[in-house]
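> Model the structure of this input:
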Amino acid sequence: MAYFDRALSSVLAERVKQAKCVLVTGARQVGKSTMLTKTFPDYERVSFDDMMVLTAVRGDAQLFFKNLRLPVVLDEVQEAPEIFRNIKIACDSSDERGRFIMTGSQVFELMRLSGESLAGRISIMELLGLSMRELCLVDFNEPFLPTEDYISHRDGKIKPYEDVWQRIFLGGFPELSVANRDRNDFFSSYVRTYIQRDILSFTKIRDAIAFNKFLVAAAARTGQLLNFSSLAEDAGISVMTAKEWVGLLERSGIVFLLQPYHSNAIKRAIKTPKLYFFDTGLAAYLTRWSSSDVLASSYIAGNIFETFVISEIIKSYANAGKDYKFGLYFYRGRDKDRSGGEVEIDLLIEEDNIFYPIEIKKSATPRKEMASAFEVLKKETGKSVGLGAILCQCDRKIYLSDDLIALPLEYV
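Residues are numbered from 1 along each chain as shown. Below is the predicted model:
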């Protein structure tokens, strides 16, 4: 079976030299175990998906731990929270680095467990689905930022991204790129086996049919403001349940909530976020589009394209080992656009107290007017504004003004 080198593996190798233990989070089937097997072939491997192993650790965690051969990879460690205390004791009793590498798919639960017991001892990273850089074998691992330096560095590593809509349709799960796997069969099994099983095992949800309706309703809203009332109505559930289930998808690495920018952090926390599926293939499957061509001309094509670009940008940060959660926002301002609606900017990247505004368009013919909302940033935020970018399907970079550039997807 083919294998795509993962950009995160080189960062991971360095973190293992520095930290006593390392945690790699990410949704099921994004390739965590395969990456670790390729990167650390000499490590012992233990999977807590194995019921015999799980029974042993739950029966006597201390005895189980004594029988481990170090260094070790512990897969899906959220299934065995009992082991964290033993790992803490082992870390405190030795200065050796990289003896424990853990993986898990319940992101927030793992953050809580590791934060409670392994603070200061652990390095945490996130693996997402295959990026276009990885699929096209691009030797470049800097997080996307539309600066002159970044664009100059990226210029020398450009490779054409062929048939982007087919990739949007398939998504980034490695199984669909390295094996001759039927797409519908893969996603059908993924929904039944991983999403429903994992989520049902961590919650009191018992109605799988209602949860499946909710998944479809959520996928239909990718790239949109998260309206819990509308989502709940379409799924036939209460608003409170919709909020709980969105949280479950976020904790499982299925969706990402992009927060609106507000200068007041408290106000920002209560504003309406935008919902994005990490994997466009899963979103397209759930909303029942039959081909990439049909998807590209569908009513959700713009939102799916935006979802894809946002996901690729997030991957560029995660693959470089950087936390993207506190530097990426969207903007929705009080100023009115020509139609009388609120001005919106698809993405703001904050770096060194400078905002870089990004507009995402499915079009192949970028125009300066597409970025007219960028003008409100200085007035509304009081911060410096860097080079703005329109990410679209144009075939080359084009400066539309001194402070605005249109970039093909290959520059992400």
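
> For Glu351, give me phi and psi.
Torsion angles at Glu351 (phi, psi; degrees, to the nearest 10) stand at phi -140, psi 120.

> Who does Val73 form a beta bridge with?
Arg45, Ile101 (DSSP bridges).

> hang on, it packs against Lys38?
No. Applying CB atoms under 8 Å, one finds Val73 not in contact with Lys38, separated by 11.6 Å. Heads up, the C-betas are built off the backbone N, CA and C, glycines and all.

> More neighbours: which of these two?
Legend: neighbour count by other CB atoms under 10 Å for Val73 and Lys38, higher for Val73 (22 against 13).

> how much space between that one and Glu244?
In this view, Val73 and Glu244 are 32 Å apart by CB to CB, to the nearest Å.

> Now Ile124: which helix or strand?
strand 122-126 (DSSP states H and E).

> quick one: average pLDDT of the next helix or strand after that strand?
As assigned by DSSP H and E, the chain's next helix or strand after strand 122-126 is helix 132-135. The pLDDT scores in helix 132-135 average 97.

> now stretch 182-192
93.

> Just the buried positions in it, please.
183, 186-187, 190-191 (16 or more other CB atoms under 10 Å).

> again with stretch 317-335
Within stretch 317-335, the residues scored as buried using 16+ other CB under 10 Å are 317-321, 324, 328-333.

> Filter these down to just the ones in strands.
Assigned to strands by DSSP state E, the following of the buried residues of stretch 317-335 qualify: 328-333.

> okay, those in CSV with distance to Asp155 next?
Converted to CSV, these look like this (distance: CB to CB, whole Å):
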residue, distance to Asp155
Leu328, 24
Tyr329, 27
Phe330, 28
Tyr331, 28
Arg332, 33
Gly333, 33
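
> Lowest-confidence one in those?
The minimum pLDDT among these falls on Gly333, with 73.

> separation between that one and Glu344?
Taken as CB to CB, the span from Gly333 to Glu344 is 8 Å.

> Identify the contacts common to those two.
By CB atoms under 8 Å, 6 or more residues apart in numbering, Gly333 and Glu344 have these common neighbours: Ala373.

> show me where pLDDT drops low in the stretch 151-300 of the chain?
Along the stretch 151-300 of the chain, the model assigns pLDDT under 70 to residues 196-198, 200-206, 263-270.

> hmm, try it at 90
178-181, 192-212, 248, 251-252, 261-271 (pLDDT under 90).

> Please enumerate the helices of it.
Under the criterion DSSP state H, counting those that start in this stretch, the stretch 151-300 of the chain carries helices at the ranges 164-170, 175-178, 183-189, 197-202, 208-219, 228-235, 239-251, 265-270, 280-286, 292-296.

> TSV for the buried residues of stretch 317-335, including distance to Gly253?
As requested, the buried residues of stretch 317-335 are exported to TSV (distance: CB to CB, whole Å):
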residue	distance to Gly253
Tyr317	15
Ala318	11
Asn319	15
Ala320	18
Gly321	17
Tyr324	13
Leu328	16
Tyr329	20
Phe330	20
Tyr331	25
Arg332	26
Gly333	31
